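[1] Can you look at this prediction? I've put the sequence above it.
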Amino acid sequence: MTDATTPNVIDFDTTIAALQTDLTTIPPADAIALIESWQQQLQGNDIAEDLGELKQALMSGTSGKGESIGAIMADLGEDTAELAANASGDVAAKARQLAEILQRAAKSLQ
């Protein structure tokens, strides 16, 4: 059973697969749906707050938002690494993998 601090592995796999593609090819509606799914599972967690910021950045019509999104993704990577450190088993492994991908994506956008 999962709780608000340990998302299920399927969500990790979906998110990892999405982030391993060219980020600019992800339709905004798909990205927002994925973000909202994570936010629901992680309410009250620092990651949920970061996800809210990411959602707002994606929804804003401002140009040059790549750097801002990169900074948010860097925060997400750090918070996900903390989640991994406090998790066990498959969740820890998937969270570590996701944290690394988020940090790489952040660097590519900054």
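    Nice, thanks for sending it over.
[2] Output the below-cut-off pLDDT ranges for this protein.
    Scanning the chain for pLDDT under 70 picks out 1-10, 61-64.
[3] Centre-most residue in it?
    The centroid of the chain falls nearest to L76 when counting by C-alpha atoms, centre = their mean (5.7 Å).
[4] So that one sits against L51, correct?
    Yes - under the contact definition of C-beta atoms under 8 Å, L76 touches L51, with a separation of 7.1 Å. Where you see a C-beta, it was placed from the backbone N, CA and C, and this is true even at glycine.
[5] quick revisit: buried residues, the one helix or strand the residue nearest to the centre of the chain maps to. List them.
    Using DSSP states H and E, L76 sits in helix 66-85. Within helix 66-85, the residues scored as buried using 16 or more other C-beta atoms under 10 Å are 68-70, 72-81, 83-84.
[6] neighbours around the nearest residue to M59 once chain neighbours are set aside, how many?
    Residue nearest to M59 in three dimensions, not counting chain neighbours: I32, with 7.0 Å by C-beta to C-beta, 6 or more residues apart in numbering. Close neighbours of I32, defined as other C-beta atoms under 10 Å, add up to 15.
[7] Over to G89?
    For G89, the count of nearby residues is 9 (other C-beta under 10 Å).
[8] Residues contacting the one helix or strand S108 maps to from elsewhere in the structure, which ones?
    Using DSSP H and E, S108 maps to helix 89-109. With C-beta atoms under 8 Å, 6 or more residues apart in numbering as the contact definition, helix 89-109 has outside contacts at 6-7, 9, 12-13, 15-16, 19-20, 23, 66-67, 69-71, 73-74, 76-78, 80-81, 83-85, 87.
[9] Stretch 26-41 now?
    Applying C-beta under 8 Å, 6+ apart, the external contacts of stretch 26-41 come out as 2, 4, 7, 11, 14-15, 18, 47-48, 51-52, 54-55, 58-59.
[10] If any of those are buried, put those into a ChimeraX selection.
    To isolate the buried members of those in ChimeraX, using 16+ other C-beta under 10 Å:
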select :7,11,15,47,48,51,54,55,58
